[in-house]
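**Q** have a look; sequence and predicted model below, questions after that.
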Amino acid sequence: MTDGRFSRRGLFFTAGAGVLGVAVLNTVAGCADNSSHSQSGSSAAAATPSAPPPSPAGIGGWKQVNMSYVSAYLLVRGKEVAVVDLGMPGSESSIEQGLKAAGQNWAAVKHVILTHQHDDHVGGLEAVSTVVKASFYAGILDVDAIITKTKLKPVKQGDEVFGLQIIDTPGHTLGHISVFDPSNGVLVSGDALRTNTGSLTGSDPKYTTDPFRAARSVKKLATMDIKAILPGHGSPVLVNASGELQKLAATL
């Protein structure tokens, strides 16, 4: 699916003669299983961050904060940053290190988008909301399930945040959303897609609210012109992303 090579400058994925890469800004010890897939408010062990490596440029400003088990993604445009997902409780320190590695800090974060309600994606919400002056967004059908004092703005298909398109991808949870960057074809898929199985697959059946809707969401994404897939779990798909997605959709 991808041809990867490691160096001290981070993780590159190559395609043909060019280099197509999402910078890996941070790696931490993460959970070995999926036990953190619970609704917001459940307890989870705090992540222990390690120092991030210097980072090469990512795709169109996208940077991956790799916390081993789960990833958050940063979009850096000028002096402003959007963050998609916040990892497990305690992950805010890893995201902070990722921001620093990208030459940014919390003050630059103006938008935080949560793909869904599960604690391994919203666990850092309370801590992050105390240090940033940002707008926080979640899918309209997941907002009420996220236990927080932070004001969440509900979003749905067709809404736009920081030039990013909100795509309704229900199934994993009923309010699950994905985030599409039309300027470069990057899709941040949350848990609608994953690669931690060794190949591109859909929502993990063990944590899927509605398998029929989850499959339909994959088929919906397969109709889009997607250049790269940044999943919540596993490595980014940076080579033939649309082709891999279409192959997956054909099996559902």
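**A** Everything's here; your move. Numbering: from 1, shown residues only.
**Q** where does the prediction get shaky in this protein?
**A** For the chain, the stretches with pLDDT under 70 are 1-58.
**Q** just the strands in the stretch 151-252 of the chain please.
**A** In the stretch 151-252 of the chain, the strands defined using DSSP state E, counting those that start in this stretch lie at 152-155, 160-161, 164-168, 177-181, 186-190, 193-194, 201-202, 228-231.
**Q** can you put those in CSV and add mean neighbour count and distance to Asp210?
**A** Where C-beta positions appear, they are placed from N, C-alpha and C, glycine not excepted. Output for the strands of the stretch 151-252 of the chain, formatted as CSV (neighbours: other CB atoms under 10 Å; distance: least, CB to CB, whole Å):
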stretch, mean neighbour count, distance to Asp210
strand 152-155, 18, 19
strand 160-161, 14, 25
strand 164-168, 20, 13
strand 177-181, 26, 15
strand 186-190, 29, 15
strand 193-194, 26, 16
strand 201-202, 22, 12
strand 228-231, 27, 19
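**Q** in CSV, list those along with distance to Asp85.
**A** Shown next, in CSV, are these (distance: least, CB to CB, whole Å):
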stretch, distance to Asp85
strand 152-155, 14
strand 160-161, 14
strand 164-168, 13
strand 177-181, 9
strand 186-190, 7
strand 193-194, 13
strand 201-202, 18
strand 228-231, 10
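**Q** these: which one's closest to Lys220?
**A** For Lys220, the closest of the strands of the stretch 151-252 of the chain is strand 164-168, at 7.7 Å, according to CB to CB.
**Q** how big is the angle separating that closest one from strand 177-181?
**A** On the basis of axes from the mean of the first three to the mean of the last three CA atoms, to 10 degrees, strand 164-168 is oriented at 150 degrees to strand 177-181.
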